[in-house]
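Trainee: dropping a prediction and its sequence here:
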Amino acid sequence: MTNAHIWFERGESKDRQMVVNRLTRHCSTGNTLPVLIFPEGTCINNTSVMMFKKGSFEIDTVIYPVAIKYDTLFTEAFWNSSEQSFVQYLFMMLTSWALVCDVWYLPPMRRLPNENAIAFANRVKALIAQKGGLVDLQWDGMIKRKKLSERIRTTLMDLERQHFLESSVLPRNISHGNLSTLTSVL
């Protein structure tokens, strides 16, 4: 399965089952490369961790969680596809001075006895959110593509704004040893 992609339609139960079967087969075969999965199923804006899709957590195998958080000091790594084209995003990324991120390799995790895939996914997500200093959100990341009422959209934006204010850029950059840079900017 090296360099192979698994294309599927989330809305089709037979496609989802095919993915689970292929992943199970891959993980049970010795000497295979690890599978890299982004279980949110979408890109997010570096402030939170959205609900994980349960499929990759249905397999009886060890999960090696990785927390990634981008430092916005030089550029914003998040691509908001509803506000900019891919070409605009690509230009921004290619002309930025650097793309810096913190990566934490967390301890391997396995499903507990009597733990279902959703509970396991939530346990892994909570650990990633805690380590990366991100908000552990309970809603699906695909919500950004849905038509929402103004009341719901405002509530979600308020929650995100609150988290942004609580995770000030100053403490994050001091921890990176950039105090002199911040002092000259201030």
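Mentor: Alright, I've got the coordinates.
Trainee: quick check: residue 89 touching residue 78?
Mentor: No - contact criterion Cβ atoms under 8 Å: residue 89 and residue 78 do not qualify, at 9.1 Å. Glycine gets a C-beta too; all of them are placed from N, C-alpha and C.
Trainee: out of the two, which sits in the busier spot?
Mentor: Taking neighbours as other Cβ atoms under 10 Å, residue 89 and residue 78 compare with residue 89 leading, 17 against 14.
Trainee: buried sites along stretch 23-33?
Mentor: In terms of neighbour count (16 or more other Cβ atoms under 10 Å), stretch 23-33 has its buried residues at 23, 26, 27.
Trainee: tell me which of the residues you listed fall in helices.
Mentor: Per DSSP state H, helices hold the following members of the buried residues of stretch 23-33: 23, 26, 27.
Trainee: reformat these as TSV; add pLDDT and distance to residue 135.
Mentor: Listed next are those as TSV, based on pLDDT from 0 to 100; distance: Cβ to Cβ, whole Å:
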residue	pLDDT	distance to residue 135
23	83	28
26	83	32
27	82	30
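Trainee: as a markdown table, these with distance to residue 34 would be great.
Mentor: A markdown table is the format used below for these (distance: Cβ to Cβ, whole Å):
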| residue | distance to residue 34 |
| --- | --- |
| 23 | 11 |
| 26 | 10 |
| 27 | 9 |
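Trainee: rewinding a little: just the buried residues of stretch 23-33 now: which is nearest residue 38?
Mentor: Using Cβ to Cβ, residue 23 comes nearest to residue 38 of those, at 14.1 Å.
Trainee: centre of the chain to the helix or strand residue 21 falls within, how far?
Mentor: Assigned by DSSP states H and E, residue 21 belongs to helix 13-28. Put simply, helix 13-28 sits 22 Å off its chain's centre (Cα atoms, centre = their mean, to the nearest Å).
Trainee: fine by me, we can end here.
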